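Enquirer: structure for this input, please:
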Amino acid sequence: MGAASRNKGAAFEREVAALIRDHLGYAAKRNLEQYQQGGDDLSGVPGWSIECKRYAVVKPGDIKAFWLQTAAQASLRQLRPVLIVKQDRKPIQVYINWVGPGHDCYEQHDINSVAQISFELWCGIVREVGEE
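Expert: Model (predicted):
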(Lines give C-alpha, C1' and ligand atoms only; values in the text may rest on other atoms or scores of the structure.)
Protein backbone atom coordinates (compact mmCIF):
# COMPACT_ATOMS: atom_id res chain seq x y z
CA MET A 1 0.00 0.00 0.00
CA GLY A 2 1.43 3.37 -1.00
CA ALA A 3 1.76 6.43 1.21
CA ALA A 4 -1.07 8.28 -0.56
CA SER A 5 -3.41 5.33 0.00
CA ARG A 6 -2.43 5.08 3.67
CA ASN A 7 -2.97 8.83 4.12
CA LYS A 8 -6.40 8.60 2.47
CA GLY A 9 -7.34 5.70 4.75
CA ALA A 10 -6.03 7.46 7.86
CA ALA A 11 -7.98 10.61 7.02
CA PHE A 12 -11.16 8.55 6.63
CA GLU A 13 -10.54 6.81 9.96
CA ARG A 14 -10.22 10.22 11.64
CA GLU A 15 -13.44 11.33 9.92
CA VAL A 16 -15.31 8.26 11.16
CA ALA A 17 -13.90 8.70 14.69
CA ALA A 18 -15.19 12.29 14.69
CA LEU A 19 -18.61 11.16 13.42
CA ILE A 20 -18.77 8.55 16.19
CA ARG A 21 -17.93 11.20 18.78
CA ASP A 22 -20.58 13.54 17.33
CA HIS A 23 -23.35 10.96 16.93
CA LEU A 24 -22.66 8.58 19.82
CA GLY A 25 -20.47 10.44 22.29
CA TYR A 26 -17.82 7.71 22.37
CA ALA A 27 -14.16 8.74 22.27
CA ALA A 28 -13.33 6.61 19.24
CA LYS A 29 -9.69 6.63 18.25
CA ARG A 30 -7.46 5.17 15.57
CA ASN A 31 -5.39 2.07 16.21
CA LEU A 32 -2.00 3.46 15.22
CA GLU A 33 -0.37 0.00 15.25
CA GLN A 34 -2.84 -1.57 12.79
CA TYR A 35 -0.43 -1.51 9.85
CA GLN A 36 2.30 -3.39 11.72
CA GLN A 37 0.29 -5.61 14.06
CA GLY A 38 -3.18 -5.75 12.56
CA GLY A 39 -6.33 -5.18 14.57
CA ASP A 40 -9.31 -2.90 14.44
CA ASP A 41 -9.01 0.40 12.61
CA LEU A 42 -10.91 2.20 15.38
CA SER A 43 -11.50 1.43 19.04
CA GLY A 44 -13.70 3.03 21.64
CA VAL A 45 -17.19 1.79 20.75
CA PRO A 46 -17.97 -0.91 23.32
CA GLY A 47 -18.78 -4.28 21.80
CA TRP A 48 -17.80 -3.38 18.22
CA SER A 49 -14.79 -4.13 16.04
CA ILE A 50 -14.61 -1.31 13.48
CA GLU A 51 -12.91 -1.60 10.09
CA CYS A 52 -12.84 1.45 7.78
CA LYS A 53 -12.20 1.43 4.03
CA ARG A 54 -11.90 4.46 1.75
CA TYR A 55 -11.69 3.90 -2.01
CA ALA A 56 -12.30 5.85 -5.18
CA VAL A 57 -14.27 2.90 -6.57
CA VAL A 58 -15.15 -0.37 -4.87
CA LYS A 59 -14.82 -3.17 -7.41
CA PRO A 60 -16.93 -6.35 -7.47
CA GLY A 61 -15.69 -8.70 -4.80
CA ASP A 62 -14.08 -5.96 -2.68
CA ILE A 63 -16.87 -5.88 -0.09
CA LYS A 64 -16.58 -9.64 0.43
CA ALA A 65 -12.81 -9.36 0.92
CA PHE A 66 -13.24 -6.37 3.23
CA TRP A 67 -15.93 -8.22 5.20
CA LEU A 68 -13.78 -11.33 5.67
CA GLN A 69 -11.02 -9.13 7.11
CA THR A 70 -13.52 -7.34 9.35
CA ALA A 71 -15.09 -10.56 10.62
CA ALA A 72 -11.69 -12.13 11.30
CA GLN A 73 -10.59 -9.13 13.37
CA ALA A 74 -13.85 -9.14 15.32
CA SER A 75 -13.60 -12.89 16.01
CA LEU A 76 -10.17 -12.47 17.59
CA ARG A 77 -11.64 -10.13 20.19
CA GLN A 78 -15.17 -11.59 20.36
CA LEU A 79 -16.74 -8.34 19.20
CA ARG A 80 -19.47 -7.49 16.70
CA PRO A 81 -17.99 -6.73 13.26
CA VAL A 82 -18.79 -3.49 11.46
CA LEU A 83 -17.34 -2.41 8.12
CA ILE A 84 -17.58 1.30 7.25
CA VAL A 85 -16.91 2.09 3.58
CA LYS A 86 -16.68 5.37 1.68
CA GLN A 87 -16.47 5.60 -2.09
CA ASP A 88 -15.84 8.86 -3.91
CA ARG A 89 -19.01 10.91 -4.40
CA LYS A 90 -21.15 8.42 -2.44
CA PRO A 91 -22.44 8.43 1.13
CA ILE A 92 -20.78 6.33 3.79
CA GLN A 93 -22.13 2.78 3.85
CA VAL A 94 -22.01 0.47 6.83
CA TYR A 95 -22.05 -3.33 6.70
CA ILE A 96 -23.14 -5.48 9.64
CA ASN A 97 -24.58 -8.93 10.20
CA TRP A 98 -25.67 -8.70 13.78
CA VAL A 99 -29.29 -7.98 14.71
CA GLY A 100 -29.58 -8.43 18.47
CA PRO A 101 -29.18 -10.77 21.42
CA GLY A 102 -30.14 -14.31 20.54
CA HIS A 103 -30.64 -13.41 16.87
CA ASP A 104 -27.28 -14.38 15.42
CA CYS A 105 -28.67 -16.39 12.52
CA TYR A 106 -25.56 -16.64 10.40
CA GLU A 107 -21.86 -17.18 10.72
CA GLN A 108 -20.25 -13.76 10.86
CA HIS A 109 -17.87 -14.77 8.06
CA ASP A 110 -20.82 -15.43 5.70
CA ILE A 111 -21.08 -12.51 3.26
CA ASN A 112 -24.68 -13.56 2.47
CA SER A 113 -25.71 -12.51 5.97
CA VAL A 114 -24.35 -8.98 5.68
CA ALA A 115 -26.68 -5.98 5.46
CA GLN A 116 -25.70 -2.63 3.99
CA ILE A 117 -27.12 0.21 6.09
CA SER A 118 -26.55 3.92 6.61
CA PHE A 119 -24.15 5.30 9.19
CA GLU A 120 -27.09 6.89 11.01
CA LEU A 121 -28.92 3.55 11.27
CA TRP A 122 -25.78 1.88 12.64
CA CYS A 123 -25.55 4.64 15.27
CA GLY A 124 -29.15 3.91 16.24
CA ILE A 125 -28.33 0.21 16.60
CA VAL A 126 -25.29 1.01 18.74
CA ARG A 127 -27.43 3.22 21.00
CA GLU A 128 -30.14 0.56 21.21
CA VAL A 129 -27.91 -2.35 22.16
CA GLY A 130 -25.61 -0.38 24.45
CA GLU A 131 -22.81 -2.36 26.06
CA GLU A 132 -24.72 -5.64 26.51
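Enquirer: count of neighbours near A74?
Expert: With neighbours defined by other Cβ atoms under 10 Å, the count for A74 comes to 23. Using the backbone N, CA and C atoms, a C-beta is placed for each residue, glycine as well.
Enquirer: before we move on, which element is it in?
Expert: helix 62-77 (DSSP states H and E).
Enquirer: helix or strand next in line after that helix, which one?
Expert: That would be, after helix 62-77 and using DSSP H and E, strand 80-87.
Enquirer: what's the angle between that following strand and helix 62-77?
Expert: Interaxial angle of strand 80-87 relative to helix 62-77 (axes from the mean of the first three to the mean of the last three Cα atoms, to 10 degrees): 150 degrees.
Enquirer: leaving out sequence neighbours, find the closest residue to D40.
Expert: S49 (5.0 Å; Cβ to Cβ, 6 or more residues apart in numbering).
Enquirer: for the one you found, phi and psi?
Expert: phi -110, psi 110 (degrees, to the nearest 10).
Enquirer: quick one: low-confidence parts of this structure?
Expert: The chain contains residues with pLDDT under 70 at 1, 33-38, 98-110, 131-132.
Enquirer: now with 80?
Expert: 1-6, 32-39, 98-113, 130-132 (pLDDT under 80).
Enquirer: next, the buried residues of the helix holding A74.
Expert: Buried residues in helix 62-77, counted by 16 or more other Cβ atoms under 10 Å: I63, F66, W67, L68, T70, A71, Q73, A74.
Enquirer: residues contacting E51?
Expert: D40, D41, F66, Q69, T70, Q73, P81, V82, L83, I84 (Cβ atoms under 8 Å, 6 or more residues apart in numbering).
Enquirer: quick check: it is in a strand.
Expert: Yes - E51 sits within a strand when classified using DSSP: H, G, I helix; E, B strand; the rest coil.
Enquirer: tell me what the longest helix that the chain contains is packed against?
Expert: Across the chain, the longest stretch assigned as helix under DSSP state H is helix 3-24. Contact here means 3 or more Cβ pairs under 8 Å, 6 or more residues apart in numbering; DSSP states H and E; on that basis helix 3-24 packs against strand 29-30, strand 42-43, strand 48-55, strand 80-87, helix 119-129.
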